[in-house]
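Q: structure for the following, please:
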Amino acid sequence: MSSPLKSLRDNLASVVLALTLLFLAGVSDLPYVRSEAGNTYEATGSVNDEPLLVIEKNAAFPTYQSSGQILILTVSSWGGPYGRLTWIDAMRTFFDSDVVIVPTSFLFDPDQTSEDVSNQGSQLFLSAESNAIAAAMEYLSLPVTKKLIIGSIFEDTPAVDNYKLGDVLIRLNGITLSDFESITSIMSDVKPGDSVTYTLIRDGKEIEVSSSTIENEGRTIVGIGILEQTIPPVAIEVQLPDVKGPSAGLAFAISLVELFSKKDFTKNRIIGVTGEITASGEVKAIGGLDHKINGAYASGARLMLFPKENCNAVPKVTPRDLRLVPVTTLEEALEVLLQPNAKSYPKC
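A: Sure, this is the predicted structure:
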């Protein structure tokens, strides 16, 4: 028969073991990503007392004040490449229906690092910025020029040892490059294994870089991903370093049209906007629509524009006094904002 002291000692040991296991479970990493509504930003407002959109003053291309607000909507994610997600973090999903948790494998490749995800997000954001400028300038019929920039370098290709991110391409095999199509045209006459020479600007200096080529999916490539950056007639700078991805493109484009136009598109309203945009003004699908709806509503928006391609992602339950309007192009989005009667807005 065990003594009372031994029983107490055994019970204490069991309690300590249980608490230890509970603690380890609470701090152990989970193969999941938690997401929820992130910060919202006023596109024509400021961040940390600095204007989000900085536009060079030029009397030939005047800008005007916006009467309302265009909200850039984001998603906040944690876990996987975004950082350690523990059981304690995950428990929030039981108490907050606006927080979602999904397996990391649904969103990312197993070998993707946080640096990979961050770099990819930054490149997509830069592309969205350039596309927004291109689409807005085209809508406004303002003159632009093109700049071709190396935005990515593919592993195990000749480009790895020859090129750097940010290199500006100006000639290929001695032929001046005007846009991405001019590169495609020249490369169509190059056979795998041939050498090509790019004239480029690196660190402010013009240099020539030669490299061999390889075959990839029926095409001859060097191994570089090229961004076609649109240069507007006045300098435009976006100061939003913490936001990644392409979904702010439509918001930027609408804001630029608003600022360069005498028309009042926002009409003193707070308008949530999300959507990837192409240089020609097409609006493409984005992720995290449910979170962005929550963020828009919480920030005071009662009208929200989103890609029509995302109609199947609209939650069954949304705020009754938030009008969700699907759009397919920048032009359609601007027409919606000018319409006096909400009954004629597009629907899913």
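Q: what about the helices in the stretch 201-348 of the chain?
A: With DSSP state H, counting those that start in this stretch as the criterion, the stretch 201-348 of the chain has helices at 249-260, 289-298, 330-338.
Q: pick the most deeply packed of those helices.
A: Highest mean neighbour count of those: helix 249-260, a mean of 26 (counted as mean count of other CB atoms under 10 Å). Any C-beta I mention is one placed from the backbone N, CA and C, and that applies to glycine too.
Q: let me know the angle separating that helix from helix 330-338.
A: Helix 249-260 and helix 330-338 are oriented at 60 degrees to each other (axes from the mean of the first three to the mean of the last three CA atoms, to 10 degrees).
Q: begin at 382 from here
A: Okay, using 382 as the starting number, the last item reads as helix 630-641.
Q: packing partners for helix 630-641?
A: Other helices and strands packing on helix 630-641, by 3 or more CB pairs under 8 Å, 6 or more residues apart in numbering; DSSP states H and E, are strand 434-436, strand 450-459, helix 495-521, strand 651-654, strand 657-658, strand 684-688, helix 711-719.
Q: pLDDT of that helix, averaged?
A: Across helix 630-641, pLDDT averages out at 96.
Q: just the CA trace of that helix, in CSV.
A: Output in CSV follows, covering the C-alpha atoms of helix 630-641 (Å, rounded to 0.1, in the frame of the first residue of the first chain):
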residue,chain,number,x,y,z
GLY,A,630,-3.2,47.6,-58.7
LEU,A,631,-6.8,48.6,-59.3
ALA,A,632,-6.8,51.0,-56.3
PHE,A,633,-3.6,52.7,-57.5
ALA,A,634,-5.0,53.0,-61.1
ILE,A,635,-8.3,54.6,-59.9
SER,A,636,-6.4,56.9,-57.6
LEU,A,637,-4.1,58.1,-60.3
VAL,A,638,-7.0,58.8,-62.7
GLU,A,639,-8.7,60.7,-59.8
LEU,A,640,-5.7,62.8,-59.1
PHE,A,641,-4.9,63.7,-62.8
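Q: okay, the angle between that helix and helix 495-521?
A: Orientation check (the same axes, to 10 degrees): helix 630-641 against helix 495-521 gives 40 degrees.
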